[in-house]
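[1] generate coordinates for the sequence data below:
(one chain, ligands or ions: 2)
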Amino acid sequence: MLILGIESSCDETAAAVLRDGRTVLSNVINSQVAVHSPYGGVVPELASRKHLENIYPVVEAALSQAGVTLDDIDGLAVTQGPGLVGALLVGLSFAKGLSAVKGIPYVGVDHIVGHLLSPFLEKEHPEFPYIALVASGGHSSIFLVIDHTTIRPLGRTRDDAAGEAFDKVGKILGLEYPGGPVISRLAEKGNPAAIPFPRAWLGPDSLDFSFSGLKTAVANYVHQRRQKNEPVDIPDVCASFQEAVVEVLCKKVIMAAQQQGISTIALAGGVAANSRLRSTLKDLGASHNIKIFMPSRELCTDNAAMIALAGFYHFSKKATTSFDTDAYSRSPLLHPGFAPNGSSPASLEPRLES
Ligand code: KG4
Ligand code: ZN
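    Residues are numbered from 1 along each chain as shown. Ligands and ions are numbered 1, 2, ... in the order given. Below you'll find the model as predicted:
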């Protein structure tokens, strides 16, 4: 079974061809970082326009790199949400158009489901049930993954997502957008214990996250030093900030596994590309007898292979999406009861538990 995946939820236009839910035949990503970088963040209107320009050549490249044509494709999987609605609509409308013209069934996929299944794109993948930590620019959430389509949220961010905190701290420090990879690089030369930035635990058993206080603490620290004409050691700030994020993410995901009595954890989302997070979680996993799985860095950040993969499992359960389905900005996975046009998106049926 060949699935063409399409992703356009934020600032990457991506398309991929996946065979039998296992083999990635192509994975094409057109990043808009250069477009948004001068503004220090994603400009939604620019993102939509760039997606419009990119979608056709990106899909064409994915097909040709896979050595297939549209006539070989058995199903289309497209990100339906969450994300920027104008950006999502480009991919969703494109998929609907292809589906209508070529008679290929299509399915709308939740972007977060794509991330949390992404470890299955690797040879070594987790067994069910497992705990997934999805840490990206839009989300920091912990899930219990019972099977490919039965997913239970255990904790979520109450304000800024982890990646968002990286990006905002990057901006405070005057670094290039997106802040995550730059901070990660600079942190290698800094001391993670130099500045005692706060960790928000939100109660002894809470699996929720909050990173906005940490971001404000960094802003205050930098501001006060500059006001007093004292130097700001950027690598130390980066390392100390990163350590605060990594410590909270790791301790909470380990706690989730312990609370649920589960000995497998998978890490996903753009922040999962962070070296310090990867090594700290691996060490903690070893000391707690918990197996840790994480996709390669390219599959952590936004891509369409993970969307094709999630679509493959929806198709295996005979799910398809109708043409009148809309894009959605907030995931029904994290906001039960929230659904476009008052209807539950097919991508999360048949057995989403909340
Ligand atoms: O999953 P993703 O590509 O897009 C969303 O779904 O949001 O995640 C993007 C986020 C950005 O906030 C970026 O700064 C962060 O992932 N990121 C990192 C690293 N690489 C990307 N954060 C920390 N360390 C990294 N190495
Ligand atoms: Zn993402």
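[2] looking at it, T320 is touching V109, isn't it?
    No. Using CB atoms under 8 Å, T320 is not in contact with V109; the gap is 11.9 Å. No exception for glycine: its C-beta is placed from N, CA and C like everyone else's.
[3] more neighbours: which of the two?
    A count of neighbours by other CB atoms under 10 Å puts V109 above the other of T320 and V109, at 33 against 14.
[4] quick one, what contacts the residue of the stretch 1-150 of the chain at minimum distance from ligand 1?
    Nearest residue of the stretch 1-150 of the chain to ligand 1, counting by CB to the nearest ligand atom: G137, 2.7 Å away. Applying CB atoms under 8 Å, 6 or more residues apart in numbering, we find G137 in contact with C10, A161, G163, E164, D167, P178, G180, G270.
[5] re the thing from before, quickly list what's touching both of T320 and V109.
    Common neighbours of T320 and V109 (criterion: CB under 8 Å, 6+ apart): H314.
[6] which positions in the protein make contact with ligand 1?
    Listed as neighbours of ligand 1 in the chain under the rule CB under 6 Å from any ligand atom: 10, 136-138, 163, 166-167, 178-181, 184, 269-271, 273-274, 301-302.
[7] repeat that for 5 Å
    Residues of the chain lying close to ligand 1 by CB under 5 Å from any ligand atom are 136-138, 163, 166-167, 178, 180-181, 184, 269-271, 273-274, 301-302.
[8] next secondary structure after whichever strand or helix holds P153?
    Using DSSP states H and E, P153 falls within strand 150-155. As assigned by DSSP H and E, the chain's next helix or strand after strand 150-155 is helix 162-172.
[9] touching ligand 2 at all, that next one?
    No. Helix 162-172 stays clear of ligand 2 (CB under 5 Å from the ion), getting no nearer than 8.4 Å.
[10] how close does the residue of the stretch 201-350 of the chain found nearest ligand 2 sit to I265?
    Residue nearest to ligand 2 within the stretch 201-350 of the chain (CB to the ion): D302, separated by 4.4 Å. As judged by CB to CB, to the nearest Å, D302 and I265 stand 21 Å apart.
[11] for the stretch 1-150 of the chain, what spans make up the strands?
    Along the stretch 1-150 of the chain, the segments classed as strands by DSSP state E, counting those that start in this stretch run 2-7, 12-19, 23-31, 75-81, 106-110, 130-135, 140-147, 150-155.
[12] for the shortest one, which residues meet the burial criterion?
    Translated: strand 106-110. Neighbour counts using 16 or more other CB atoms under 10 Å place Y106, V107, G108, V109, D110 of strand 106-110 among the buried residues.
[13] likewise for the last one?
    Going by neighbour count (16+ other CB under 10 Å), the buried part of strand 150-155 is I151, P153, L154, G155.
[14] let me know whether the second one touches F143 as I believe.
    Yes. Look at P153 against F143 with CB under 8 Å: they come within range, at 5.6 Å.
[15] which residues do the two both contact?
    L333.
[16] quick check: closest non-adjacent residue to G86.
    S48 (3.9 Å; CB to CB, 6 or more residues apart in numbering).
[17] list the contacts for the one you found?
    L84, G86, A87, L89, V90.
[18] make it 10 Å
    S8, L84, V85, G86, A87, L88, L89, V90 (CB atoms under 10 Å, 6 or more residues apart in numbering).
[19] nearest to V35 among the residues you listed?
    Relative to V35, the closest of the contacts of S48 is A87; by CB to CB it sits at 12.2 Å.
[20] how about the contacts made by the closest one?
    So A87 contacts 7-13, 32, 42, 44-52, 79, 327 (CB under 10 Å, 6+ apart).
[21] please report how far it lies from Y177.
    Per CB to CB, A87 is found 17 Å from Y177.
[22] do H115 as well
    Distance of H115 to Y177, given as CB to CB: 21 Å.
[23] of these two, who's got more company?
    Comparing H115 with Y177 by other CB under 10 Å, the one with more neighbours is H115, at 33 against 19.
[24] so what's that one up against?
    132-136, 138-139, 141, 143, 266-270, 272, 295, 299-303, 306-307, 310.
[25] quick one: contacts of stretch 214-233?
    Under the contact criterion CB under 10 Å, 6+ apart, stretch 214-233 has outside partners 159-160, 162, 164-169, 171-174, 189-191, 194-200, 234, 237-241, 244-245, 248.
[26] I figured G270 was touching H111, is that so?
    No. G270 is beyond contact range of H111, at 11.5 Å (criterion: CB atoms under 10 Å).
[27] shared neighbours, these two?
    The contact sets of G270 and H111 overlap at C10, V134, S136, G138, H139, D302 (CB under 10 Å, 6+ apart).
[28] just to revisit the earlier point, return the member of the contacts of G137 nearest to Q258.
    The closest of the contacts of G137, once distances to Q258 are taken by CB to CB, is A161, at 23.7 Å.
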